[in-house]
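>>> sharing a model prediction with you, sequence too.
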Amino acid sequence: MTRKAKFTERLTRVAVWGSAAIAFAALFYIIGFILIKGIPHLKPSLFAFTYNSDNVSLFPALVSTVITALLALIVAVPLGVGAAIYLVEYAKRGHKAVNVIRIMAETLAGIPSIIYGLFGLLFFVTYLHWGYSTLAGSITLAIMILPLVLRQTEESLLAVPDIWREGAFGLGAGKLRTVFRVVLPAATPGILAGVLLAIGRIVGETAALIYTSGTVAQIPGNPMQSSRTLSVHMYALSSEGLHMNEGYATAVILLILVVLLNAASAAAAKRITRTQKGE
């Protein structure tokens, strides 16, 4: 190896390690800042069942976040997974229509969330007369995360070797059985990763929900009632400027929620992988 090649290798190694160090430092700084600012202000009144100007409870927003996420996933995951199965397993590979769908999905994934919020406001809230409601916000979020679920599922299905499909066909399995008994289980860890990314986007979304779900700080009695998620709750507190400490405490709860979701998804993917291996 020449001196120039050695110098280039060392320079590349330093650049890689430096980039990793900067990224980890920024991550730990943000997490540490949130914990230091928020943990001292966590108190029982923040978890009161009802919200008022005295306790500034985040519990209704926490429940609304779970409800909104579940409704959005119930709509987006079956549609996204089903569309990906069709594109990979049934549609002709390399077909122009398939390529157009993929380009459209990638384009929709990059659209700012406020555009989805304005669409939800015009269509669900105004045209369909749903008003500011949890359902309008959930369906808007479902549309927003659908391209993400579709593309992640598609990539996971494409990663399954074709020899697995050929082996199943050779044993007499039909197309549908091969997809649901061989291909889909093998791609499940990747699909779960996509679902986790979708949940993260739902939990952290603010702009789209302000235009569709509203900012009412109460637990919705039904999907047609307005509500606010934790991220919207944080935005409302910070915009008012009167409860910044409670806003930091809410950020801590939101951070813990995201960590728990990540841990649960990783554990589920690991368990599915072990089950497939027969361990």
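Received, thanks. Residues are numbered from 1 along each chain as shown.
>>> which stretches of the stretch 151-279 of the chain have low pLDDT?
269, 272-279 (pLDDT under 70).
>>> for it, which segments count as helices?
Here the stretch 151-279 of the chain has its helices, by DSSP state H, counting those that start in this stretch, at 162-170, 175-178, 184-203, 207-212, 230-240, 244-277.
>>> can you list the ones you listed in CSV and add mean neighbour count and distance to residue 53?
Quick note: C-beta positions are derived from backbone N, CA and C, even for glycine. Output for the helices of the stretch 151-279 of the chain, formatted as CSV (neighbours: other CB atoms under 10 Å; distance: least, CB to CB, whole Å):
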stretch, mean neighbour count, distance to residue 53
helix 162-170, 13, 59
helix 175-178, 14, 57
helix 184-203, 20, 25
helix 207-212, 24, 20
helix 230-240, 20, 10
helix 244-277, 16, 11
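>>> make CSV out of those helices and add distance to residue 131.
CSV is the format used below for the helices of the stretch 151-279 of the chain (distance: least, CB to CB, whole Å):
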stretch, distance to residue 131
helix 162-170, 48
helix 175-178, 41
helix 184-203, 21
helix 207-212, 10
helix 230-240, 16
helix 244-277, 26
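>>> can you check which of these gets nearest to residue 60?
helix 230-240 (8.3 Å; CB to CB).
>>> grab the most central residue of the chain for me.
residue 198 (1.8 Å; CA atoms, centre = their mean).
>>> sorry, back to before: which one of the helices of the stretch 151-279 of the chain lies nearest to residue 143?
helix 207-212 (9.3 Å).
>>> which other helices and strands does that closest one contact?
In terms of contacts (3 or more CB pairs under 8 Å, 6 or more residues apart in numbering; DSSP states H and E), helix 207-212 is packed against helix 113-120, helix 134-158, helix 230-240.
>>> what is the last one packed up against?
Read it as helix 230-240. helix 59-85, helix 207-212, helix 244-277.
>>> can I get the ones you listed in JSON lines with distance to residue 104?
Formatted as JSON lines, the helices and strands packed on helix 230-240 follow (distance: least, CB to CB, whole Å):
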{"stretch": "helix 59-85", "distance to residue 104": "11"}
{"stretch": "helix 207-212", "distance to residue 104": "19"}
{"stretch": "helix 244-277", "distance to residue 104": "27"}
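>>> so which of these is nearest residue 162?
Using CB to CB, those put helix 59-85 closest to residue 162, at 15.3 Å.
>>> who does the helix or strand that the closest one is followed by touch, helix- and strand-wise?
Counting by DSSP states H and E, the element after helix 59-85 in chain order, helix or strand, is helix 96-109. Helix 96-109 sits against helix 134-158, with contacts defined as 3+ CB pairs under 8 Å, 6+ apart.
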